[in-house]
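Colleague: Starting from these lines, generate the structure:
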Amino acid sequence: MTTEITAETLETRSQTMAEHFLNEKGYRIVERDWCIKQGSSGLVAEDDDTLVFIQVLSRESDDGKLPEEKPARRSRASFELSAAKYLSRNNRQSSRVRFDIISLLLLGKNQAFLRHHIDALSSDIE
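Modeller: Down below sits the predicted model:
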């Protein structure tokens, strides 16, 4: 039996794990808790010459589901609009940009099944 954790604790643990993974891959985290939409946040990182906006999705292992891997159309619009605001606010409008998603299924206090979906929005263009 696992102990219930709050949504805030789940998000904090998930972002910490995602940051560790990205650092190991050579990314440089430039902003934490970047606001994507109400109740959702992520990371902003640099991967070589690309500014990467990363949505971190997570679930606890005992709920029987994996995190959503593709954002809904409405979520995608929020993701892109928040990125545009970030670029403008930080005078980075000419930066090369990519949108990634990290999905985490938390298995224990310091363990997770992690999927890194690089350029996650590119296959969803209609």
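
Colleague: Just want the most central residue of the protein.
Modeller: Gln55 (2.1 Å; CA atoms, centre = their mean).

Colleague: Quickly note the distance from that one to Arg98.
Modeller: 12 Å (CB to CB, to the nearest Å). Quick note: C-beta positions are derived from backbone N, CA and C, even for glycine.

Colleague: What of Ser122?
Modeller: 8 Å.

Colleague: Comparing these two, which residue is more hemmed in?
Modeller: Per other CB atoms under 10 Å, whichever of Ser122 and Arg98 has more neighbours is Arg98, with 18 against 9.

Colleague: wait, what's in contact with the more buried one?
Modeller: Asp47, Thr50, Leu51, Val52, Phe53, Ile118, Asp119 (CB atoms under 8 Å, 6 or more residues apart in numbering).

Colleague: how about the host helix or strand of it: buried residues?
Modeller: Per DSSP states H and E: Arg98 is located in strand 96-108. Going by neighbour count (16 or more other CB atoms under 10 Å), the buried part of strand 96-108 is Val97, Arg98, Phe99, Asp100, Ile101, Ile102, Ser103, Leu104, Leu105, Leu106.

Colleague: Throw those into TSV and include distance to Asn90 and pLDDT, thanks.
Modeller: Formatted as TSV, the buried residues of strand 96-108 follow (distance: CB to CB, whole Å; pLDDT from 0 to 100):
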residue	distance to Asn90	pLDDT
Val97	12	94
Arg98	16	94
Phe99	16	92
Asp100	18	93
Ile101	21	90
Ile102	22	92
Ser103	26	90
Leu104	27	89
Leu105	32	88
Leu106	31	83
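
Colleague: quick one: low-confidence parts of the protein?
Modeller: 1-8, 36-41, 62-64, 68-74, 123-126 (pLDDT under 70).

Colleague: all strands of it, in order?
Modeller: 28-37, 40-47, 50-60, 96-108, 111-117 (DSSP state E).

Colleague: The fourth one pairs with which strands?
Modeller: In other words, strand 96-108. strand 50-60 (parallel), strand 111-117 (antiparallel) (DSSP bridges).
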